[in-house]
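K.L.:
here you go, sequence then predicted model.
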Amino acid sequence: MPERIDLADATVEYQIWGAGVPQIVMLHDGLGSIAQWRDTPAALVDRTGVAVMAYNRPGHGRSAPVPTGPWPTLWLHDQALLLAALLDELGIDEDVLLDDEEEGAGDDEEDDDEDLDDIKSGKQGDD
């Protein structure tokens, strides 16, 4: 069952499968949500033996606020900071970030190699 947590300017809905501190954190794209992962988180727990967490960014699921109007220029940076705050609040400091994006035009495989330290420090891309 998803839970909600208040962080700075947002309320974030998240769910944890398995026991202990999550070591796998599942991200979703702009049209995704916890529900769209279906049985994947539970299957990952079964196959890896580690806890898994997924969350809804603001505007998805029961996370808030729901953005209105044009997205701000730094929206992706702001989302990375929000993720870092969520991970800190839940005591997650060693993890694997797993996204649901398919490789495609404009997708740089090197972007997938960013680690938690980069996210927490606000480092973006090739900074």
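P.N.:
Yes, it's here.

K.L.:
who's in contact with Trp17?
P.N.:
Remark: with contacts taken as CB atoms under 8 Å, 6 or more residues apart in numbering, Trp17 is in contact with 41-42, 44-45, 51-53. Where C-beta positions appear, they are placed from N, C-alpha and C, glycine not excepted.

K.L.:
next one: phi and psi at it?
P.N.:
When read as degrees, to the nearest 10, the backbone of Trp17 gives phi -110, psi 140.

K.L.:
what does Ala35 give?
P.N.:
Backbone torsions of Ala35, given as degrees, to the nearest 10, read phi -60, psi -30.

K.L.:
once you drop chain neighbours, what's closest to it?
P.N.:
Leaving aside its chain neighbours, Ala35 sits nearest to Gly61 (7.0 Å; criterion: CB to CB, 6 or more residues apart in numbering).

K.L.:
for Gln23, see how far away that neighbour is.
P.N.:
To Gln23, Gly61 is 22 Å away according to CB to CB, to the nearest Å.

K.L.:
more neighbours, those two?
P.N.:
More crowded of Gly61 and Gln23, by other CB atoms under 10 Å: Gly61, with 22 against 17.

K.L.:
so where do the helices sit in this protein?
P.N.:
Under the criterion DSSP state H, the chain contains helices at 40-48, 75-89, 116-121.

K.L.:
wait, which of these is closest to Thr11?
P.N.:
When these are compared by CB to CB, helix 75-89 sits nearest Thr11, at 10.7 Å.

K.L.:
hang on, the earlier thing: looking at the helices of the chain, which is nearest to Arg57?
P.N.:
Closest approach to Arg57 among the helices of the chain (CB to CB): helix 75-89, 5.9 Å.

K.L.:
would you confirm that Gly59 contacts Thr68?
P.N.:
No - Gly59 is not in contact with Thr68 according to CB atoms under 8 Å; the separation is 9.2 Å.
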